[in-house]
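What follows is a predicted structure for the sequence shown.
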Amino acid sequence: GDSVTQMEGPVTLSEEAFLTINCTYTATGYPSLFWYVQYPGEGLQLLLKATKADDKGSNKGFEATYRKETTSFHLEKGSVQVSDSAVYFCALRRIPEGNKLTFGGGTRVLVKP
Amino acid sequence: EAGVTQFPSHSVIEKGQTVTLRCDPISGHDNLYWYRRVMGKEIKFLLHFVKESKQDESGMPNNRFLAERTGGTYSTLKVQPAELEDSGVYFCASSLRSTGSTDTQYFGPGTRLTVL
């Protein structure tokens, strides 16, 4: 079945550092890919998405490119802020499987001033 | 516009008791989903409603879980009787459309369930 694997955390880094969170997936066909973020005390928010190969999703300085050849959707941000401290979830959706999202385990990111 | 709301935010119950979780989707969203995250693992899909009908309940773990969405508005998820392994965070999400690459699921803050 479908699965998503993302790097385990926690990831601790200093403000203005470069952030990469790796995400790879296993799925047949052409899934849509998503990054969700959960800030402390809040629900999951869609951060960005990509619906086909080579698409780049971007939002709030974060970027991720849908790489079909490596089945990856790594999340990057060039200069993190303390406010980026959160748990990040990679997810996929395949229409033949209905509208359900398949999530990775989540990566906790802590940015220190 | 109000987001997805869930009640309660936390629930602590004894093994064998019954708990009912409630989700109010965004107004006008026909699609409602339940997910849960157990023991810090992956968030896993439980089921999907389209209005009041269960479109997909393939993720429901067993018959101790009962989800309803009477009238196609809010939904409840009842766990009866609760077991220790049911502890986790239960998320609800809603979306306007059920298909199409532009559809987005909006999540609530979750209900943290602890079974002692």
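Received the coordinates, thanks.

Can you pull the residues of chain B lying near chain A?
B:3-4, B:31, B:33, B:35, B:37, B:40-45, B:48, B:55-56, B:58-59, B:91, B:93, B:95, B:98-99, B:101, B:103-110 (C-beta under 8 Å from any C-beta of the partner chain). (Each C-beta comes from the backbone N, C-alpha and C, glycine too.)

Filter the residues you listed down to the buried ones.
B:4, B:31, B:33, B:35, B:37, B:42-45, B:48, B:55-56, B:59, B:91, B:93, B:95, B:98, B:105-110 (16 or more other C-beta atoms under 10 Å in any protein chain shown).

Just want the phi and psi numbers for B:Asp86.
Dihedral pair for B:Asp86: phi -80, psi -10, per degrees, to the nearest 10.

show me the contacts for it.
B:Asp86 is in contact with B:64, B:79, B:113, B:115, counting by C-beta atoms under 8 Å, 6 or more residues apart in numbering or on different chains.

Buried among those residues? Need that as a selection in PyMOL.
Only the buried entries of the contacts of B:Asp86 go into this PyMOL selection, using 16+ other C-beta under 10 Å:
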select buried, chain B and resi 79+113+115
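
how much space between B:Asn60 and A:Leu33?
Quick fix: residue B:60 reads Met, not Asn. 26 Å (C-beta to C-beta, to the nearest Å).

When these two are compared, which one has more neighbours?
Taking other C-beta atoms under 10 Å in any protein chain shown, B:Met60 and A:Leu33 do not tie; A:Leu33 has more neighbours (28 against 17).

next structured bit after the helix or strand encompassing the more buried one?
Taking DSSP states H and E as the criterion, A:Leu33 maps to strand A:32-38. Downstream of strand A:32-38, the next assigned helix or strand under DSSP H and E is strand A:44-50.

Need the contact partners of that following strand.
A:32-39, A:56-60, A:62-66, A:73, A:75, A:88-89, B:43, B:91, B:93, B:104-107.

pLDDT on it, on average?
In this model, strand A:44-50 has a mean pLDDT of 94.

Kindly report the same for stretch A:59-72.
According to the model, stretch A:59-72 has a mean pLDDT of 96.
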